[in-house]
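Peer 1: Can you look at this prediction? I've put the sequence above it.
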Amino acid sequence: MKNLEYINLSSNLELFAKQAVEGFITGMHKSPYHGFSVEFAEHRLYNTGESTRHIDWKLYARTDKFFVKRYQEETNLRCQIVIDASSSMYYPNFKNPDLKQPNKLLFSIYASAVLMNLLKRQRDAIGISMFSDNLSLHTPNRTTQRHHRLLYHELDKLLKVDAVKEMKKTNSTDAIHQISEMLHRRSMVMVFTDMISDSETLDTQFDAFKHLKYNKHEVVLFHLSEPNTELNLDFDNKPYNFIDVESGEKIKLNPIQYKEHYKKQAKEHLNKLKLKCLQYKIDLVEVDINKGFDQILISYLIKRQKMF
């Protein structure tokens with residue numbers, strides 16, 4: 001009965017992911033990004049002079065371009081999805097967050113589910129890691145249906161956790177170091193995080209990311225924010241009580257009085273983050289949680305194409 005339990009629990013998340021990816025693929029065929037669609041990820045452009053033996057003529061008939069079909073062992077990847085589940089990821093703190101009003105963690109969970117469906121279609125092996133003040137989950141990369149159902153179950157469980165009440169701090173440094181050691185060499189590591197931590201500097205956080213790069217992993221950093229309030233401090237002209245969800249510290253102020261100074265500091269922090277990613281050759285993707293999942297899927301497909 002226990003095995004059936006997680007299959008039933010995961011069904012809604014899995015169904016949403018399937019529908020989202022099908023909609024994405026349909027849209028890709030109509031958009032200028034069609035070259036990154038799923039079927040193309042298993043092909044490469046034909047190079048003049050090589051054998052025509054493996055040209056996909058059906059694809060040529062539809063695209064008027066020569067594509068060579070890759071062999072399966074040439075295209076399969078190991079991918080690890082890493083989710084920051086600390087308390088700051090529950091911002092904005094809606095009473096009942098949903099896809100119309102997501103917080104950063106809910107967005108990360110659904111984005112991970114959608115990515116998993118696309119990875120499955122590519123026959124890529126998938127694993128998931130979760131961390132807050134410690135590494136709470138780390139699964140291996142696998143391709144089986146049973147493993148996928150288990151991962152959906154873990155995502156579903158995370159949807160039901162209230163880390164705000166528990167005030168879970170961020171300790172990405174230790175978690176990423178541990179993940180670096182447990183992964184197979186040359187995996188694609190996709191990290192969902194807001195990079196907010198009271199106890200860590202950017203330097204210490206990137207020491208851990210450097211460990212991933214040293215072990216030959218390719219890293220995509222999905223930097224999540226709700227830009228209106230987190231980056232631009234767009235609030236009404238009145239006093240608010242602001243609460244640090246990771247420490248419980250409270251402060252009352254009118255954000256209008258501090259808006260310009262805050263925006264300047266937020267911009268400086270973002271520029272430092274961009275420079276660090278450039279320095280360590282990490283793909284930084286700025287993610288607006290109000291703009292859906294296509295931005296995530298396109299970033300993955302572009303990165304995947306660069307790796308082959």
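Peer 2: The structure has been received and is ready for your questions. All figures in this text were calculated on a predicted structure; none of them were measured in a lab. Numbers count the residues shown, from 1 in each chain.
Peer 1: Kindly confirm my reading that residue 113 is in a helix.
Peer 2: Yes: counting by DSSP: H, G, I helix; E, B strand; the rest coil, residue 113 is located in a helix.
Peer 1: Go ahead and confirm it touches residue 16.
Peer 2: Yes: if you go by Cβ atoms under 8 Å, residue 113 and residue 16 touch, sitting 6.7 Å apart. Yep, even glycine has a C-beta here, placed from its N, CA and C like the rest.
Peer 1: Show me which of those two is the more surrounded one.
Peer 2: residue 113 (25 against 16; other Cβ atoms under 10 Å).
Peer 1: confidence score at that one?
Peer 2: We have a pLDDT of 97 for residue 113.
Peer 1: Spatially nearest residue to it, not counting backbone neighbours?
Peer 2: Spatial nearest neighbour of residue 113, excluding adjacent residues (Cβ to Cβ, 6 or more residues apart in numbering): residue 17 at 4.1 Å.
Peer 1: what residues are up against that neighbour?
Peer 2: If a contact means Cβ atoms under 8 Å, 6 or more residues apart in numbering, then residue 17 has 110, 113, 114, 116, 117, 152 as its contacts.
Peer 1: so which strand or helix has it?
Peer 2: helix 2-29 (DSSP states H and E).
Peer 1: For residue 79, see how far away the most centrally placed residue in the chain is.
Peer 2: For the chain, the residue sitting closest to the mean C-alpha position, by Cα atoms, centre = their mean, is residue 192 at 4.2 Å. In this structure, residue 192 lies at 13 Å from residue 79, with Cβ to Cβ, to the nearest Å as the measure.
Peer 1: next one: residue 144
Peer 2: 15 Å.
Peer 1: what about the two, which has more around it?
Peer 2: residue 79 (23 against 9).
Peer 1: contacting residues around the more buried one?
Peer 2: Here residue 79 is in contact with 119, 124, 125, 126, 127, 141, 187, 188, 189, 190 (criterion: Cβ under 8 Å, 6+ apart).
Peer 1: Please name the nearest non-neighbouring residue to the second one.
Peer 2: The shortest distance from residue 124 to any residue that is not its chain neighbour, by Cβ to Cβ, 6+ apart, is 4.4 Å, and that residue is residue 77.
Peer 1: do the same with the last one
Peer 2: In space, and not counting its chain neighbours, residue 190 is closest to residue 220: 4.7 Å by Cβ to Cβ, 6+ apart.
Peer 1: what residue ranges in the stretch 151-300 of the chain are flagged as low confidence?
Peer 2: 163-167 (pLDDT under 70).
Peer 1: how about the strands in it?
Peer 2: Remark: strands of the stretch 151-300 of the chain, listed N- to C-terminal, are 188-193, 218-225, 240-243, 250-253, 283-288; assignment by DSSP state E, counting those that start in this stretch.
Peer 1: Of these, flag the one that's most buried.
Peer 2: strand 188-193 (a mean of 24; mean count of other Cβ atoms under 10 Å).
Peer 1: by contact count, what packs against that one?
Peer 2: In this structure, strand 188-193 makes packing contacts with strand 78-84, helix 104-121, helix 172-182, strand 218-225, helix 294-306, judged by 3 or more Cβ pairs under 8 Å, 6 or more residues apart in numbering; DSSP states H and E.
Peer 1: Touching that strand from outside, list them.
Peer 2: Outside of strand 188-193, the residues within contact range by Cβ under 8 Å, 6+ apart are 77-84, 89, 108, 111-112, 115, 172, 176, 179, 183, 212, 217-224, 300, 303-304, 307.
Peer 1: Any of those buried? List them.
Peer 2: Those of these that meet the buried threshold are 77-84, 89, 108, 111-112, 115, 172, 176, 179, 183, 212, 217-224, 300, 303-304, by 16 or more other Cβ atoms under 10 Å.
Peer 1: re earlier: beta partners of the residue nearest to residue 190?
Peer 2: residue 190, residue 283 (DSSP bridges).
Peer 1: residues contacting it?
Peer 2: Residue 220 touches 188, 189, 190, 191, 282, 283, 285, 299, 300, 303, counting by Cβ under 8 Å, 6+ apart.
Peer 1: Same check on residue 135?
Peer 2: Contacts of residue 135 by Cβ under 8 Å, 6+ apart are 129, 174, 175, 178, 179.
Peer 1: do the same with residue 263
Peer 2: 231, 232, 233.
Peer 1: Make TSV from the residues you listed and add distance to residue 95 and neighbour count to it.
Peer 2: TSV is the format used below for the contacts of residue 263 (distance: Cβ to Cβ, whole Å; neighbours: other Cβ atoms under 10 Å):
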residue	distance to residue 95	neighbour count
231	23	17
232	23	13
233	22	16
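Peer 1: Now flag whichever of those residues is closest to residue 26.
Peer 2: Proximity of the contacts of residue 263 to residue 26 was ranked by Cβ to Cβ; the top entry is residue 231 with 32.1 Å.
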